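[1] Structure, please.
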Amino acid sequence: MGPFSPLKHGFDEFYGIPYSNDMWPNHPSQGKWFNFPPLPLYDGDIAIDSLEDQTNLTRDLTFKAVDFIKRNKDNPFFLYVPHPQPHVPLFVSDQFEGKSERGLYGDVIMEIDWSVGEIVKSLEEHGLTENTIVIFTSDNGPWLSYGTHGGSAGELREGKGTNWEGGVKEPFVMKFPNGLSAGRTVESHVMSIDILPTIAGLIGADLPELPIDGLDVWDVLTGETTESPHEAFFYYYNKNELWAVRQGDWKLYFPHTYNSLDGRSGGQDGMPMNYESMTLEQPELYNLAIDRSETSNVYADHPEIVAALNAIADNKRLELGDALLEIDGSGLREAGVF
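    Numbering: from 1, shown residues only. Prediction:
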């Protein structure tokens, strides 16, 4: 892994694969779009195996995590367990195969649930529950093109690879008996990039010298405030192009092109279905407090909201740059790569 090894970026131990679990010779598009080498399994900086299948990967990572807790129970520690599942290709151990009512995808989720339980149980066994922060979350919405192997966003619109709510809205569960009361639901929005500054604030660690976008949201999580420290949330995708901005319950989308199944149900048994290219021709505005599914475009009904969100978006484009941004005497307009 060379300079990209976790051991060169602050971690004392590493066990796992170096990149996405579909980057291997068995990818459905191997030879057509990709030429992936065998998928290595690393222990530290040493490749100890080449995975021909991934049946026991979730189980093995769980055992490694539990062992790490046991060995470090007397010291402060940070344990990061990013399971390759349920990213495709799906694999599950014999212990959970065929056990769910949702096919292979359900079996995989059941095993991940078991994994979380084993890790939490290990904390309990070593008396670490009260003063350990446990966070469970995900990175993006379901990969809808994989159909039966891709999960579901429920009532939310679209999925992975888009900035509709089905692509970006994720579960976030946090447990910390010494700092958080149990059974609470936080309605205020936070982002995964807020985790770093929030934890840093709790443990008194310094933040990076260069600017970061995340903010300390501890007061939001504890319920001391319902006001997000973020002025707004910005949704980028592809070539640094701003696709949407959200403030409070309002989300404004800008014209862009995205991938969609356009109502189709996706592929079967691990074979993806091709997306269709969809173009949003005009800006659209949604009130997510009453329209979680983003079905009612109210752009024409709220010009004052549109103007306010456009101003916020233009300021962010000026700060970060944008693939479709050019500045002249009349303000912002489309251009080539910024």
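[2] all helices for this structure, in order.
    Counting by DSSP state H, the chain has helices at residues 57-71, 103-125, 165-168, 195-203, 218-222, 303-320.
[3] is it true that T225 touches D219?
    Yes. Counting by CB atoms under 8 Å, D219 is a contact partner of T225 at 4.8 Å. The way it works is simple: take the backbone N, C-alpha and C, and place the C-beta from them, glycine included.
[4] higher neighbour count, the two?
    D219 (16 against 13; other CB atoms under 10 Å).
[5] how far away is that one from G179?
    12 Å (CB to CB, to the nearest Å).
[6] follow-up on the earlier one: out of the helices of the chain, which one sits most buried?
    Counting by mean count of other CB atoms under 10 Å, helix 165-168 has the highest mean neighbour count of the helices of the chain, with a mean of 22.
[7] Strands of the stretch 151-300 of the chain, start to end?
    172-175, 233-236, 242-247, 250-253, 256-260, 276-280, 284-287 (DSSP state E, counting those that start in this stretch).
[8] partners of the last one, with directions?
    The reference is to strand 284-287. Looking at strand 284-287 with DSSP bridges, its partner strands are strand 250-253 (antiparallel).
[9] contacting residues around the partner strand?
    Residues outside strand 250-253 that contact it (CB atoms under 8 Å, 6 or more residues apart in numbering): 163, 165, 243-246, 280, 283-288, 294, 299, 302, 305-306, 309-310, 313.
[10] Using CSV, write out every CA atom in that strand.
    Extracted as CSV, the C-alpha positions of strand 250-253 are listed here (Å, rounded to 0.1, in the frame of the first residue of the first chain):
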residue,chain,number,x,y,z
TRP,A,250,-35.5,24.0,2.4
LYS,A,251,-33.4,22.3,-0.3
LEU,A,252,-32.7,24.0,-3.6
TYR,A,253,-31.5,21.9,-6.6
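[11] Could you pull out the buried residues of it?
    W250, K251, L252, Y253 (16 or more other CB atoms under 10 Å).
[12] again with stretch 34-49
    So for stretch 34-49, counting by 16+ other CB under 10 Å, buried means F36, L39, P40, L41, Y42.
[13] so what's the residue nearest in space to the middle of the chain up against?
    Centroid-nearest residue in the chain: D139, 1.1 Å away (criterion: CA atoms, centre = their mean). Contacts here follow CB under 8 Å, 6+ apart; on that basis D139 touches E170, S192.
[14] Could you list the low-pLDDT ranges of the stretch 151-300 of the chain?
    For the stretch 151-300 of the chain, no stretch is flagged by pLDDT under 70.
[15] So what's the residue count around the residue lying closest to Q282 once chain neighbours are set aside?
    Closest residue in space to Q282, ignoring its immediate chain neighbours: P255 at 6.3 Å, by CB to CB, 6 or more residues apart in numbering. Residue crowding around P255 was assessed by other CB under 10 Å; the count is 13.
[16] One more: Y235?
    By other CB under 10 Å, the residues close to Y235 number 19.
[17] sorry, back to before: how near is the residue nearest to the centre of the chain to R157?
    As for D139, its distance to R157 is 18 Å (criterion: CB to CB).
[18] same thing with L51?
    For L51, the distance to R157 - CB to CB - is 35 Å.
[19] now do I312
    22 Å.
[20] Same question for L61.
    On the measure of CB to CB, L61 and R157 end up 32 Å apart.
[21] about what we covered before: with distance to A323 added, can I get the buried residues of strand 250-253 in a markdown table?
    Output for these, formatted as a markdown table (distance: CB to CB, whole Å):
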| residue | distance to A323 |
| --- | --- |
| W250 | 24 |
| K251 | 20 |
| L252 | 18 |
| Y253 | 16 |
